[in-house]
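1. Only the shape, not the letters, is given here:
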């Protein structure tokens, strides 16, 4: 079972003021530390961004990049908007990291620079976390 | 004794160096400063937050509160009030002249009134506010893709965080939209962020001065931060903020200029003729950041 983390709920619980935006490094740090406590014994995690407004580059780095660099082998992102991707993609490229994005139709897209994305795709299939579907896309095998 | 510092008639990023020269002389004199804006006819957001930074610096080290003679023109006074300037200025200056009473009104051209930035929570408030106010202006008046308006909030967030993370003191941000007749003949949205903190050179000196050797100074520090994406933190993820702002502005033909200490750096689009790097300016404390996003032309970015 892949643990599912509701980022919006963590944000609301962590930051006074009921904000929906993931901005600033201190906020990113607090949210990441919450996530880390929830995924202690796993190498695969699903982070759900549904309900999150804006993400800035600092938070994308503090949460997504640091989790992939230091805590998990496979990070699956759900509920991403185009705006979220604008912050996350450059951060992944900067670090040479890749993550898996679950699209609205349930298919998976590997996000990151080509080499890292290809390596992650291979890993997903080898670990039977995902399987190829029509059109070269992937689908989650177990959630 | 008081030392007079003239506020330029047209007070924006271009005339700021003239203001900074007066400020530097005033600071060197050690006398109480009197900022004279009575003849000022217009101030950009950059001018307004820059003036606050000057007030912040002038009252440092227990110095007497500086004086500010407010603009004589009722129209200018009204505009400064609507931009939220006097609420912040009242904490810094002894104000002289007829200051409009009451709170600033929600104006369509003032996307974000002059707002203090001291902590991460202030950045949350700024980002939350701007998303409610700016989307319509960015899409309908500037022709920016609705999907890209999130990038505007991201750029604003990162610009404000520069204060929280590096200035060592508070600062201010203001965002306005206006028709830039004289310089561009198009509408623009302008983000201005200023503080009178330690500045880029001081922030980066421990990790970068040796690398630059004799070239080290305010200009080299700005170059390291904006062009090379260097941060004072050893964490490899740092430096993303300014890089992200650059990418966003490059996509929308925008401009970024940062003044810190005695230097100013700018990354300019084709419509602007600002110098990439200017050194040897009059010293002014902290950092002053200017972001300009113009109305999109017929050519798609």
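-> On my side now, so go ahead. Quantities reported herein were computed from a predicted structural model and do not represent experimental measurements. Numbers count the residues shown, from 1 in each chain, chains lettered A, B, ... in the order given.
2. isn't residue A:82 right up against residue B:146?
-> No - the criterion here is CB atoms under 8 Å, and residue A:82 misses it with residue B:146 at 9.6 Å. Heads up, the C-betas are built off the backbone N, CA and C, glycines and all.
3. where do the strands sit along chain A?
-> A:4-6, A:44-48, A:74-78, A:99-102, A:107-111, A:130-132, A:138-140 (DSSP state E).
4. Taking strand A:107-111 as reference, get the angle to the third one.
-> Interaxial angle of strand A:74-78 relative to strand A:107-111 (axes from the mean of the first three to the mean of the last three CA atoms, to 10 degrees): 120 degrees.
5. what packs against strand A:74-78?
-> strand A:44-48, strand A:99-102, helix A:114-126 (3 or more CB pairs under 8 Å, 6 or more residues apart in numbering or on different chains; DSSP states H and E).
6. Tell me which of these sits most buried.
-> Most buried of the helices and strands packed on strand A:74-78 by mean neighbour count (mean count of other CB atoms under 10 Å in any protein chain shown) is strand A:99-102; its value is a mean of 23.
7. Identify all contacting residues around that one.
-> A:46, A:64, A:68, A:74-78, A:80, A:85, A:88, A:92, A:108-112, A:120, A:124, A:130, A:138, A:140 (CB atoms under 8 Å, 6 or more residues apart in numbering or on different chains).
8. cool, and stretch B:173-189?
-> Identification of contacts with stretch B:173-189 by CB under 8 Å, 6+ apart yields B:44-45, B:48-49, B:83-84, B:108-115, B:117, B:126, B:130, B:134, B:137-138, B:141-142, B:152, B:156, B:159-160, B:190-193, B:271, B:292-295, B:297.
9. Quick one: end-to-end distance for that stretch.
-> Stretch B:173-189 has its terminal residues 13 Å apart, counting by CA to CA, to the nearest Å.
10. which of the residues in that stretch are buried?
-> For stretch B:173-189, the buried set under the neighbour-count rule, 16 or more other CB atoms under 10 Å in any protein chain shown, comprises B:173, B:174, B:175, B:176, B:177, B:180, B:187, B:188, B:189.
11. you'd agree the third one is in a helix?
-> No - the assignment for residue B:175 is strand, going by DSSP: H, G, I helix; E, B strand; the rest coil, so no helix is present there.
12. Look up how far chain A lies from it.
-> 15 Å (CB to the nearest CB, to the nearest Å).
13. Is there a quick ChimeraX command that grabs whichever of the contacts of strand A:99-102 are buried?
-> Here is the ChimeraX command that selects the buried residues among these (16+ other CB under 10 Å):
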select /A:46,64,68,74,75,76,77,78,80,85,88,92,108,109,110,111,112,120,124,130,138,140
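14. residues touching residue B:58, list them.
-> B:23, B:26, B:27, B:33, B:35, B:66.
15. need those in a markdown table with pLDDT, can you?
-> Listed next are those as a markdown table, based on pLDDT from 0 to 100:
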| residue | pLDDT |
| --- | --- |
| B:23 | 96 |
| B:26 | 92 |
| B:27 | 91 |
| B:33 | 95 |
| B:35 | 97 |
| B:66 | 96 |
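16. So which of those residues sit within helices?
-> Members of those lying in helices (criterion: DSSP state H): B:23, B:26, B:27.
17. Could you check how far the last one is from chain A?
-> Looking back up the chat, that one is residue B:27. Taking CB to the nearest CB, one finds residue B:27 at 32 Å from chain A.
18. Next, count neighbours for the closest residue to chain A within chain B.
-> Closest residue of chain B to chain A, CB to the nearest CB: residue B:150 (2.9 Å). Look at residue B:150: counted by other CB atoms under 10 Å in any protein chain shown, it has 24 neighbours.
19. The one 3 residues further on too?
-> Other residues lying near residue B:153 total 25 when counted by other CB under 10 Å.
20. what's the pLDDT at the closest residue to it other than its chain neighbours?
-> Nearest residue to residue B:153 in three dimensions, chain neighbours excluded: residue A:54, at 4.6 Å (CB to CB, 6 or more residues apart in numbering or on different chains). The score at residue A:54 is 92. That number is its pLDDT.
21. same thing with residue B:164?
-> Reported pLDDT for residue B:164: 80.
22. re the thing from before, could you redo the helices and strands packed on strand A:74-78 as TSV and give each row mean pLDDT?
-> Converted to TSV, the helices and strands packed on strand A:74-78 look like this (pLDDT from 0 to 100):
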stretch	mean pLDDT
strand A:44-48	95
strand A:99-102	96
helix A:114-126	94
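23. Residue B:177 bridge partners, please.
-> Residue B:177 has these beta-bridge partners by DSSP bridges: residue B:189.
24. how much space between it and residue B:153?
-> When CB to CB, to the nearest Å is the yardstick, residue B:177 and residue B:153 sit 15 Å from each other.
25. these two touch, right, residue B:118 and residue B:168?
-> No - counting by CB under 8 Å, no contact exists between residue B:118 and residue B:168, whose distance comes to 11.2 Å.
26. Tell me the residue of chain A that sits nearest chain B?
-> Counting by CB to the nearest CB, chain A gets nearest to chain B through residue A:83 (2.9 Å).
27. What's the local residue count around that residue?
-> Count around residue A:83 with other CB under 10 Å applied: 21.
28. give the contact list for the closest residue to residue A:72 other than its chain neighbours.
-> Leaving out its chain neighbours, the residue that sits closest to residue A:72 by CB to CB, 6+ apart is residue A:45, at 5.1 Å. The contact partners of residue A:45, taken as CB under 8 Å, 6+ apart, are A:2, A:3, A:5, A:35, A:39, A:67, A:71, A:72, A:74, A:75, A:76.
29. residue contacts, the nearest residue to residue A:13 once chain neighbours are set aside?
-> Residue nearest to residue A:13 in three dimensions, not counting chain neighbours: residue A:34, with 7.7 Å by CB to CB, 6+ apart. Residue A:34 is in contact with A:10, A:13, A:14, counting by CB under 8 Å, 6+ apart.
30. how far away is the last one from residue A:32?
-> What that stands for is residue A:14. Residue A:14 sits 10 Å away from residue A:32, going by CB to CB.
31. mind checking how far residue B:269 is from residue A:54?
-> 24 Å.
32. Oh, that last question was meant for residue B:267, not what I typed.
-> Residue B:267 is 23 Å from residue A:54, by CB to CB.
33. is residue B:10 in a bridge, and if so with what?
-> Under the criterion used (DSSP bridges), residue B:10 bridges to residue B:42.
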